[in-house]
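Below: sequence and its predicted model.
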Protein chains: 2
Amino acid sequence: MYLTSNDIDDLSRGAAFLGTGGGGDPHIGALMVKEAIKRHGPVKLVQLAELGDDEVVLPAAMMGAPSVMMEKVPRGTESLVAFEALERRCNVTADYTMPVECGGINSMIPLYVAALRGIPVVDADGQGRAFPELQMETFAVHGVHGSPMALASESDEVFLIDTGADDVRMEWFARGLAIRMGGMALLSSYPMRGRQAKASAIPGCVSLSIAIGKLLVEATHEISRIETQLRELFAPTTYGEVHQVFEGKVTDVERRTVGGFTQGSAALLGPESELLIEFQNENVVARRAGQPVAMVPDLICVVEADTLVPITAERLRYGQRVRVFVVGAPAQLRTPAALELMGPRAFGLDFDYLPIEKAVAV
Amino acid sequence: MYLTSNDIDDLSRGAAFLGTGGGGDPHIGALMVKEAIKRHGPVKLVQLAELGDDEVVLPAAMMGAPSVMMEKVPRGTESLVAFEALERRCNVTADYTMPVECGGINSMIPLYVAALRGIPVVDADGQGRAFPELQMETFAVHGVHGSPMALASESDEVFLIDTGADDVRMEWFARGLAIRMGGMALLSSYPMRGRQAKASAIPGCVSLSIAIGKLLVEATHEISRIETQLRELFAPTTYGEVHQVFEGKVTDVERRTVGGFTQGSAALLGPESELLIEFQNENVVARRAGQPVAMVPDLICVVEADTLVPITAERLRYGQRVRVFVVGAPAQLRTPAALELMGPRAFGLDFDYLPIEKAVAV
């Protein structure tokens, strides 16, 4: 399957939905990729099963606080600088690139690199959503580690980090460099072979994002059916149940950039209930009267109530009318090892994961 | 000339004098090197003139706040990890290592690497003293830049930085990594060929440090002649005049760790005058009644009044009796290009360099 400029808007919208409030601004990434496809031709999307065991996959991404990414638009070529620095470091030529997460920007960066290099993108990622930190990857759960990783600044300065099997330390140092770059960095990390990608990645994030993006546009004509339609769309996947948990207005948003992350919360008020969403780049937990009703790794997705356009935490504003959907995390994120990296306690919350299926039954 | 364990104490004391309050604690480095010499044999010291034009010189050093270095003793092998990471990055085998500055720790790290690798140390450096930041090097004045540089943490994590010809950016990112390592990092930077070392380095810092160290011990028997003896020692070098500018007691010390540096000031009171010394790792400026009387790049060296043991800014304490010597900066630090990197304005002071020769004549 080849991705054309027409697919990019759907992908952008759907990836922003899976981005659960984070993953970077979808518009900037889409513009970059459309321009690259116009110049270099359509990008080939391949399924995990198509990878040769020894073929080389180098994921490509951006890291930083979304608040910063909205101010500092990447030229784009920095991502190629990081990608090729990792190739040199590993002494390989990449056969594929791949997203590390689904999200506005990080679903796009790999397409951009793929277009410039003329290589395919793997239809898979390591989160099935967006998460704020680089150690939060199913790759790591299966023993594929982030080191060595390469970073590039907007001035094409190049950095290599090798923390062995310790991906938390890798994240710590990479975040420090990104902060000193002005708040964001382009990167390539988790270098792996085809067999490792097949064993560790969550399949389908690019094509799923496109399907979600199409649905969100079409469903505006019959908006009462959106919850049902989303359920039908996710049914054949490893994701859990889909529930619309809220409809109402944004009454307060508090947001700050701390330690290289966008942190804060949004208070929502509806005719029948209120909801408080806390975010660290991505939406982490939704509470009602102080009690968590949805939490990582489940996806807490905020969309504009009538247009169904996903709203990143960065774009939340007083007075917006929104719907909040919760999508149960993919099965790959629900194992004990994955929850240790990506569950509530990994975000400093002092309770265990309560899947949305159980939460709505309470 | 071969350096034995007997030379190390003199070197340590003399380098701490040239370290002008910074350069790290002399005791820790000396212990490390003595142990390495005991195991691997004496270290050969070579003069700049002996280097072949195409031979490879990789300097070795430590960076961080001296306050942190006193708490976290390096294992030592981290310096070899950084050194060999830079060799791999540059695809070279080092013929020599070299200090980047004179100071308690940074005169020792190259000897340690040399002992372990069985290569000689070049009797030269890029400062002729100690300075707090990595861009402050005569190497850079002559177009030899710090990138690529390699860093290693105490856990043997490895980092590579390449900021091209921008050594200020290199320092900025390296400092960020060092802070996240816990406050200090081992490093190798400013990779160069023999011809570049001959063109850009200040000769003699190791042998000069040994000579100063011997003098400081011997002079305690006839302490009234110390100023004269130091003048005689520095006379054949490119350093400027030597003046004892103060003798008295430490009455107040204010010190904090900020942005990866030890910053603060010490107030001194003597029978005839007072002196305020401000430091950023190293002593930067000495003021009397608010007026600067000595400043970078001149060396402001504090020693214990009777024993003549150099006192780092980190070891300054209320009640100590001290002498303060100012040694005019080497000629290589007095060019306009060098002063731009290492003069008062490079430290945020809003006045031009007034050499000690002129200051004492005022």
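The structure has been received and is ready for your questions.

Determine how far stretch A:140-150 lies from the middle of the whole chain.
17 Å (C-alpha atoms, centre = their mean, to the nearest Å).

ok, which stretches of the stretch 251-362 of chain A are strands?
Secondary structure of the stretch 251-362 of chain A by DSSP state E, counting those that start in this stretch: the strands cover A:261-269, A:274-280, A:282-288, A:291-295, A:299-304, A:321-327.

between those strands, which gets nearest to chain B?
strand A:261-269 (15.0 Å; C-beta to the nearest C-beta). Placement of C-beta: from N, CA and C, glycine included.

Can I get the closest one in PDB? Just the C-alpha atoms.
Taking Å, rounded to 0.1, in the frame of the first residue of the first chain, the C-alpha atoms of strand A:261-269 are listed here in PDB:
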ATOM      1  CA  PHE A 261       7.100  18.100  29.500                       C
ATOM      2  CA  THR A 262       3.800  19.900  29.100                       C
ATOM      3  CA  GLN A 263       2.000  19.200  32.400                       C
ATOM      4  CA  GLY A 264      -1.400  20.200  33.700                       C
ATOM      5  CA  SER A 265      -5.100  19.500  34.000                       C
ATOM      6  CA  ALA A 266      -8.400  20.400  32.400                       C
ATOM      7  CA  ALA A 267     -11.700  20.600  34.200                       C
ATOM      8  CA  LEU A 268     -14.700  19.700  32.200                       C
ATOM      9  CA  LEU A 269     -18.400  20.300  33.200                       C
END
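
so how far is residue B:328 from the residue lying closest to residue A:133 once chain neighbours are set aside?
Closest residue to residue A:133 in three dimensions, ignoring its sequence neighbours and counting by C-beta to C-beta, 6 or more residues apart in numbering or on different chains: residue A:171, at 5.0 Å. Applying C-beta to C-beta, to the nearest Å, one obtains 48 Å for the distance of residue A:171 from residue B:328.

Name the residues of the host helix or strand of residue A:27 that are buried.
Assessed by DSSP states H and E, residue A:27 sits inside helix A:26-40. Using 16 or more other C-beta atoms under 10 Å in any protein chain shown as the test for burial, helix A:26-40 gives A:26, A:28, A:29, A:30, A:32, A:33, A:34, A:36, A:37.

and that helix, what does it pack onto?
Judged by 3 or more C-beta pairs under 8 Å, 6 or more residues apart in numbering or on different chains; DSSP states H and E, the packing partners of helix A:26-40 are helix A:5-18, helix A:109-117.

run the last query once more with 10 Å
With contacts defined as 3 or more C-beta pairs under 10 Å, 6 or more residues apart in numbering or on different chains; DSSP states H and E, helix A:26-40 has these neighbours: strand A:2-3, helix A:5-18, strand A:43-46, helix A:109-117.

can those go into CSV with extra columns for mean neighbour count and distance to chain B?
Formatted as CSV, the entries for these read as follows, by neighbours: other C-beta atoms under 10 Å in any protein chain shown; distance: least, C-beta to the nearest C-beta, whole Å:
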stretch, mean neighbour count, distance to chain B
strand A:2-3, 18, 33
helix A:5-18, 25, 30
strand A:43-46, 20, 29
helix A:109-117, 26, 20
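
what mean pLDDT does stretch A:206-215 have?
Stretch A:206-215 shows a mean pLDDT of 97.

Quick check: which of the strands of the stretch 251-362 of chain A is nearest to residue B:152?
Each of these was checked against residue B:152 via C-beta to C-beta, and the shortest separation belongs to strand A:261-269, namely 27.2 Å.

Next, the angle from that closest one to strand A:274-280.
Orientation of strand A:261-269 against strand A:274-280 (axes from the mean of the first three to the mean of the last three C-alpha atoms, to 10 degrees) gives an angle of 170 degrees.

hey, where'd the strands end up in the stretch 51-200 of chain A?
Secondary structure of the stretch 51-200 of chain A, counting by DSSP E, counting those that start in this stretch: strands at A:56-57, A:60-64, A:121-122, A:124-125, A:149-152, A:158-162, A:184-188, A:192-193.
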